[in-house]
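S.K.: what shape does this take:
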Amino acid sequence: MSEMEELASITAEQVRADNADLDQRLLAVCRTADASLLIERDDAESWSAAQVMAHLTEFPRFFATELRRLFDDPEAPVGRTVEHDDRLAAVAGATSRSLDELIAGIEAAFTDLADALRELDDDHLHGMTQNRKYGAEPMTAFLDRYVIGHKRGHLDQLANKTPAGRAAAAR
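M.R.: Below is the predicted model of the structure:
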């Protein structure tokens, strides 16, 4: 089955289940992070664990808001670029936050997104969105890029930074 066919056959319940699974896996990884190593970076191009975690406190809330706007107005433009001010501020402020603060922020952000996803139904999945960067695309592509695929990508990033991350990513 091609990726497009796979996305077309997904249900709202599967999206919520995948999201919940990724939330659990990401939180498990974050809870085992070594606070003394949070700001270490592999190289100048990579994010530290603290930066990834700070992004996890921000992006789910942003996309929860985007989903709610879509549910209210299916024609509303959605998405953002990597230069978005809130995204940049979260990553830049990562080193000033403790591990406990980061985890609490992640938990709150994940709850907000899970709440927004409760409104998602199978009919939404067949609708189109107007992405600010990519133009017209199916809701399934939006969810893959900004929610499920996005979280998987950050789980992979954290996998290199903690023993639990390596175990969670291997599942």
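S.K.: so who does the residue nearest to Lys161 when sequence neighbours are not counted touch?
M.R.: Spatial nearest neighbour of Lys161, chain neighbours left out: Ala49 (4.3 Å); criterion: C-beta to C-beta, 6 or more residues apart in numbering. No exception for glycine: its C-beta is placed from N, CA and C like everyone else's. Contact partners of Ala49, counting by C-beta atoms under 8 Å, 6 or more residues apart in numbering, are Ala33, Leu37, Leu38, Ile39, Glu40, Leu158, Lys161, Thr162.
S.K.: now stretch 106-113 - C-alpha only, CSV.
M.R.: Taking C-alpha atoms only, stretch 106-113 is exported to CSV below (Å, rounded to 0.1, in the frame of the first residue of the first chain):
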residue,chain,number,x,y,z
ILE,A,106,4.9,19.0,27.3
GLU,A,107,2.1,17.3,29.2
ALA,A,108,-0.1,20.4,29.0
ALA,A,109,0.6,20.9,25.3
PHE,A,110,-0.1,17.2,24.6
THR,A,111,-3.4,17.5,26.5
ASP,A,112,-4.4,20.5,24.5
LEU,A,113,-3.8,18.7,21.2
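S.K.: buried sites along it?
M.R.: Ile106, Ala109, Phe110, Asp112, Leu113 (16 or more other C-beta atoms under 10 Å).
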